[in-house]
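>>> Predicted model, plus sequence, below.
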Amino acid sequence: ESVCLRELQRKQHAAVIRYNVPPEKELARRRINADLRWTLGELKEKIAKELGLKAEETHLKRAALAPQLREEGLTLSALSFIDGSGVFVGLGALRAEGEVQVQVFLVGAGGGVPKA
């Protein structure tokens, strides 16, 4: 395989992926230079490392209120990521199939305050 071919393939699969810094929900805060041939799991590992977090204690979503992305073995390309795509980094391990997250709000004189 030639150097030119490798460079062409690298550029063809290069993408900048935006992500948040938990617990913030603003996607434009951080960016990572990614390769669309990476798996979702690889992306999660690299982002967690940049944030100083353990990958197994995080999960990824398309947006803050979207379902968790479970297909960690699929490539970013297969998951339809493109240059400029965003991914939401959530705190907490990936939920098992069938598990749901429940958020409780305590309402009092001070208003609603979310409790995890």
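Looks like it arrived, so ask away. Everything quoted here is computed from the prediction, not taken from an experiment. Numbering: from 1, shown residues only.

>>> in the protein, which ranges drop under the pLDDT threshold?
For the chain, the stretches with pLDDT under 70 are 28, 101, 103, 110-116.

>>> residue boundaries of the strands in it?
14-19, 30-35, 58-61, 86-91, 104-108, 111-115 (DSSP state E).

>>> Run the angle between the fourth one and strand 14-19 for me.
Taking axes from the mean of the first three to the mean of the last three Cα atoms, to 10 degrees, one finds strand 86-91 and strand 14-19 inclined to each other by 50 degrees.

>>> For strand 86-91, C-alpha coordinates in CSV please.
Extracted in CSV, the C-alpha atoms of strand 86-91 (Å, rounded to 0.1, in the frame of the first residue of the first chain):
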residue,chain,number,x,y,z
GLY,A,86,-22.1,15.9,17.4
VAL,A,87,-22.2,13.4,20.2
PHE,A,88,-23.5,13.9,23.7
VAL,A,89,-21.4,12.4,26.5
GLY,A,90,-23.4,11.3,29.4
LEU,A,91,-22.2,10.3,32.9
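
>>> what angle separates that strand from strand 30-35?
Relative orientation of strand 86-91 versus strand 30-35 (the same axes, to 10 degrees): 110 degrees.

>>> packing partners for strand 86-91?
On a contact count with 3 or more Cβ pairs under 8 Å, 6 or more residues apart in numbering; DSSP states H and E, strand 86-91 meets strand 14-19, helix 40-51, strand 58-61. In short, each C-beta sits where N, CA and C put it, glycine included.

>>> right, and these - which one's nearest Ile32?
Among the helices and strands packed on strand 86-91, the nearest to Ile32 by Cβ to Cβ is strand 14-19 (5.3 Å).

>>> Parallel or antiparallel, list what pairs with the closest one.
strand 30-35 (antiparallel), strand 86-91 (parallel) (DSSP bridges).

>>> I'd like the strands of the chain written out as TSV, with distance to Leu43 and mean neighbour count added.
Shown next, in TSV, are those (distance: least, Cβ to Cβ, whole Å; neighbours: other Cβ atoms under 10 Å):
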stretch	distance to Leu43	mean neighbour count
strand 14-19	7	17
strand 30-35	6	15
strand 58-61	7	19
strand 86-91	7	20
strand 104-108	31	8
strand 111-115	27	8
